[in-house]
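Q: fold the following and give me the result.
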Amino acid sequence: MVVLAIMSLVILFMVFTMLYPIGVTFMNSLKTVVEVNSFPPKFLPQGLEWQNFKEGWHYMDIPMFMKNTLIIFGGNVLVTVFVLGLAAFTLSKLNLPHRKLIYFFFLMTLFIPPSTYIVPNFVNLKDLGLLNSFWAFWLPAGASAFNMLLLKSFFDDINDEIFEASRIDGASNWYGFTRIALPLSIPIVATLSIFIFSAAWNDWFWPSLVMHGDPKYPLATAIYKKVIQATGLKQNIKFAILAMVSLPPIVVFLVFQKFILRGLHLGGVKG
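A: The predicted structure follows:
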């Protein structure tokens with residue numbers, strides 16, 4: 001009982017530390033400027049200043065930045081499904097020479113820190129003339145070793161006899177991938193889509209390097225440059241904007257959380 005009580009307290013403390021910043025953001029978004037800057041701070045607002053959200057919505061072109069984020073997300077999903085999916089299907093179901101060596105090569109790249117290839121990626125995209133375009137996101141998405149290995153691990157669990165039977169009937173490998181493998185891979189594709197959405201929604205550093213100007217910024221980069229770094233913007237309006245942009249990923253997680261757990265269970269990377 002003592003151990004259970006200690007574990008429960010630790011879990012409650014962890015939950016509190018994770019939810020408290022989110023709660024502060026939403027509560028401050030409903031306060032006046034005086035309340036936000038008051039000391040000692042109070043968690044609950046004295047009144048509900050709903051006009052903060054209206055003012056924050058009109059402060060910047062949030063729909064345009066959301067559209068850019070969704071374009072990046074949609075392109076990344078398509079590249080993941082067709083480019084990485086085909087690579088994973090080839091390694092899993094086709095008689096590729098030295099495929100175990102290729103598999104371990106991809107597995108080895110997971111141990112390389114992402115910060116080491118930021119500069120090479122930037123130089124390559126610059127040489128290809130792809131800076132300030134959405135291909136600066138879509139092209140690197142086709143080189144995600146983690147997503148490819150996750151898809152391969154899922155394909156490994158699909159019975160090989162299904163594909164052998166389709167080949168006997170004259171079906172091509174493309175037919176096996178598009179008509180058999182992909183429909184059976186909806187759980188893992190849904191899981192990857194949620195991860196890709198989270199990455200596209202939250203990433204601000206890489207877009208700030210490869211994108212130049214408001215018309216191409218995704219939402220997170222626009223928030224960093226126009227809200228976090230803003231000096232003349234009122235604090236309660238800042239919190240209102242941050243509260244608005246944090247709602248979509250929370251809703252996506254609450255709605256699709258079963259796909260995350262099921263997809264990770266079905267597509268766990270195996271050695």
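
Q: for stretch 188-198, give the mean pLDDT please.
A: Across stretch 188-198, the average pLDDT comes to 87.

Q: I'd say residue 93 and residue 184 touch.
A: No - with contact defined as Cβ atoms under 8 Å, residue 93 does not count as touching residue 184 (11.8 Å). Placement of C-beta: from N, CA and C, glycine included.

Q: who's more crowded, those two?
A: residue 93 (21 against 16; other Cβ atoms under 10 Å).

Q: quick one: residue 101 from residue 148, how far?
A: Separation of residue 101 from residue 148 (Cβ to Cβ, to the nearest Å): 15 Å.

Q: these two: which is more packed in?
A: residue 148 (22 against 8).

Q: the more buried one - nearest residue in space that isn't next to it in sequence?
A: With Cβ to Cβ, 6 or more residues apart in numbering as the criterion, residue 148 has its nearest non-adjacent residue at 4.3 Å, and that residue is residue 84.

Q: contacting residues around that neighbour?
A: When contacts are counted by Cβ atoms under 8 Å, 6 or more residues apart in numbering, residue 84 touches 142, 144, 147, 148, 151.

Q: the same query, at a cut-off of 10 Å, please.
A: By Cβ atoms under 10 Å, 6 or more residues apart in numbering, the residues touching residue 84 are 141-152, 192.

Q: compare those residues and tell me which has the most neighbours.
A: residue 151 (28 neighbours).

Q: isn't that residue up against residue 85?
A: Yes - between residue 151 and residue 85 there is a contact under Cβ atoms under 10 Å: 5.7 Å.

Q: between the two, which contacts overlap?
A: With Cβ under 10 Å, 6+ apart, residue 151 and residue 85 have common neighbours 181, 185, 188, 189, 192.
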